[in-house]
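>>> Structure for this input, please:
(2 chains)
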Amino acid sequence: MSADSWHIGRAAAPGLACGPLFRLPATDVPQRQRGSAAEETAALRAAIAAAIAEIEMLQLSAGAEAAEILEFQIAMLGDDALTEGAFADIDGGMAADCAWRTAMDAQIADYSAASDEYFRARAGDLTDMRDRVLGHLLGIADTAPPHGAIVLAPDLAPSRFLAWDWSGGGGVALMGGSPTSHVAMLARARGVPMVVGLPPEIGRRPNAPAILLDGEGGRINLAPTPDDIRSFESRRKQAVADAQHWQQFLHRPAKTAAGHRVLTQINVAGPGELDHLDPDICDGIGLVRTEFLFHDQPTLPNEEQQLAVYRRILAWADGRPVTIRTLDAGGDKPIVGLTQDGESNPFLGLRGIRLSLAHPEIFRVQLRALARAAANGPLKIMLPMVTVPEEVLAAADLLRGEIVALGNAGIDCRPPELGIMVEVPAAALAIERFPASFFSIGSNDLTQYVTAAARDIAAVASLNDTANPAVLGLIERVAAFGKSAGKEVSLCGDAGGDPRLIPQLLATGLRNFSMAPSMLARAKATIADWSGAPS
Amino acid sequence: MSEAPIRAEIEITNPTGLHARPAVKLTKLAKSFGASIELAFAADGPWIDAKSVVKVMALKAPRGAILYFSASGTDAALAIAALSDLVRRDFDEGPHAAGGRSTAEPGHVG
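The predicted model follows:
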């Protein structure tokens, strides 16, 4: 393999991909700013017209039967009865994308509830129409990469990554970004190979019809020689064999070589991720991110909506513990209308528990829903970004108040365990001061705060290393305190599923890791190989 | 529209009912007339606009349902005749219209 044809970046999501290059045209992050009602009305009309034009184009290349399905979509989209609700909502002050989603979701719900199977299946057509128009509204419809392509871009918004269909393979190569960015987390969860931090000049380099992306080595090859391709393909075969080996561990409890049990849990960002997962592969859910409940919604989620989601997750876990993190907005996870705009350094700003305590009216709704769901199974509440013990006390007070109110109203609930994320150095360094019933180390943020290196700035990303002895020392400190105080300590950052870091984390005394489901098999195999001293 | 509306009732014999493809055909045909045309599941309504595919689909009319048409306007009689005929012809979806697919396969996309 000729070394000079490879461009080196950083590995962000494992896997090897060979395919055509797709250079993503530069556009803004698809987050719309709401305009006046007239502008929003015009934007929705234009998006619907563009969607119809696009479907008409699709019809030209479709078979007769497919063309008739598309004809149905065109007729529906052209019918004022479909759109009048959305336009009324826009007049009432709603943004075009929210109004369209609301109107279509109502239609989709109506069809989904039909008793007749044929009509129930039409919900899929309506979802397709909804997403096509939304794509035009958000400016992402015309730039979706072809199946199997390797996308090259300066950076990539998580919502854009999610909007694309990755079922045909492919990969992502970014000039910016970081392995700990959210889009990298999503890529790992979806099993899409990703390399970040590539040299900017490759954006102008010519490329062969098929290029190579090495998500393990963190590099891409824009002009592979036949030897490069042969050697890459043999590695890919080896990777498939490795994956088959790791797969044997997936359904077994994780144990070290000495036979010591290590708990392995999963991180989930939404109930949809659980649909195709067998709960037997894990010891529980160590982190449920609840931000998804608050994103892309016309209104904040109410208590019943949240309760339904939490119950669904508990039902999946089937008696295994489920740790639900309260809203962790702010930092690189803004929520329109809730998080602060224009903070000079959002990572040091009003985020996590700080934001929740600043909006008790919103926080209380989440606590009530969590306390009610706790009556259905072993649910634990975890507070993010805790810096001082007073924040835990304030949250515990609010939780107690809601449980009393629920009890008075005769509504079934149960006091859940209340624990904290350990991700601020001030918490890790004084862990014994915190009145929490369990601790979960958020290694991504802990690492960036200890190393003062941002997770998404490529130029400093190599400093952002959980293997830094200062970070490992803090983790060891928290693990030791948990052991002496009899409190559970887990780790739910990316390091918990990283085969390079797992041995070092086991050496700190940690015996409880939570990770993306796709990392479980290899992590269990890595744990099984570890023969370090039991602690 | 001072004249009394013209009415008709007709049973849906199409195997999958008034599904997507028939709904598109029916509303397209209805739109080709100037008359105001309404459609219902029962003789006393509620009546919906037969020119709206969204509303016609929302009826979710299965096979065997009786459709009631009501039209008023200059070409109302012609409209009712044409629409009744379309339903009677199973929307031109005979047993072989869907590429030889058996009509006893209600799940297929129309």
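
>>> Would you mind listing where the stretch 151-300 of chain A has pLDDT under the threshold?
Applying pLDDT under 70 to the stretch 151-300 of chain A picks out residues A:158-160, A:163, A:180, A:182, A:296-298.

>>> do that again at 80, thanks
For the stretch 151-300 of chain A, applying pLDDT under 80 flags the ranges A:157-165, A:177-183, A:185-186, A:189-190, A:272-273, A:275-276, A:295-299.

>>> got the contact list for the closest residue to chain B within it?
At 19.3 Å from chain B, residue A:165 is the closest residue in the stretch 151-300 of chain A, using CB to the nearest CB. In short, each C-beta sits where N, CA and C put it, glycine included. By CB atoms under 8 Å, 6 or more residues apart in numbering or on different chains, residue A:165 lies in contact with A:144, A:147.

>>> that's a helix at it, yeah?
No: when DSSP: H, G, I helix; E, B strand; the rest coil is applied, residue A:165 is found to be coil, with no helix at that position.

>>> gap between the spatially most central residue of chain B and chain A?
Residue closest to the average C-alpha location in chain B (CA atoms, centre = their mean): residue B:26, at 5.0 Å. For residue B:26, the distance to chain A (CB to the nearest CB, to the nearest Å) stands at 10 Å.

>>> tell me the pLDDT at that residue?
In the prediction, the pLDDT value recorded for residue B:26 is 94.

>>> Equivalent analysis for residue B:104, please.
33.

>>> do residue A:337 as well
pLDDT, residue A:337: 74.

>>> List the contacts of it.
With CB under 8 Å, 6+ apart, residue A:337 has no contacts at all.

>>> circling back to that earlier point, am I right that the residue nearest to the centre of chain B falls within a helix?
Yes: Residue B:26: assigned to a helix according to three-state DSSP.

>>> any idea how far it is from residue B:62?
15 Å (CB to CB, to the nearest Å).

>>> Are we agreed that residue B:39 is in a strand?
Yes: assessed with three-state DSSP, residue B:39 lies in a strand.

>>> What count of nearby residues applies to the closest residue to it other than its chain neighbours?
In this structure, residue B:39 finds its nearest non-sequential neighbour in residue B:50, 4.2 Å apart by CB to CB, 6 or more residues apart in numbering or on different chains. Other residues within reach of residue B:50, judged by other CB atoms under 10 Å in any protein chain shown, total 26.

>>> Pull the contacting residues for residue B:50.
Taking CB under 8 Å, 6+ apart, one finds B:26-27, B:30, B:37-39, B:56, B:69, B:83 in contact with residue B:50.

>>> Looking at those residues, which is nearest residue A:252?
residue B:56 (55.3 Å; CB to CB).

>>> what about the helix or strand encompassing that closest one, average pLDDT?
Element membership for residue B:56 (DSSP states H and E) is helix B:53-58. Helix B:53-58 shows an average pLDDT of 92 in the prediction.

>>> returning to that earlier point: any idea which of the contacts of residue B:50 is closest to chain A?
residue B:27 (6.6 Å).

>>> Which of the contacts of residue B:50 lies at the shortest distance from residue A:360?
residue B:56 (48.7 Å).

>>> Please name the spatially closest residue to that closest one (chain neighbours excluded).
residue B:23 (4.7 Å).

>>> neighbours around that neighbour, how many?
Neighbours of residue B:23 under the rule other CB under 10 Å: 26.

>>> Many thanks, I have nothing further to ask.
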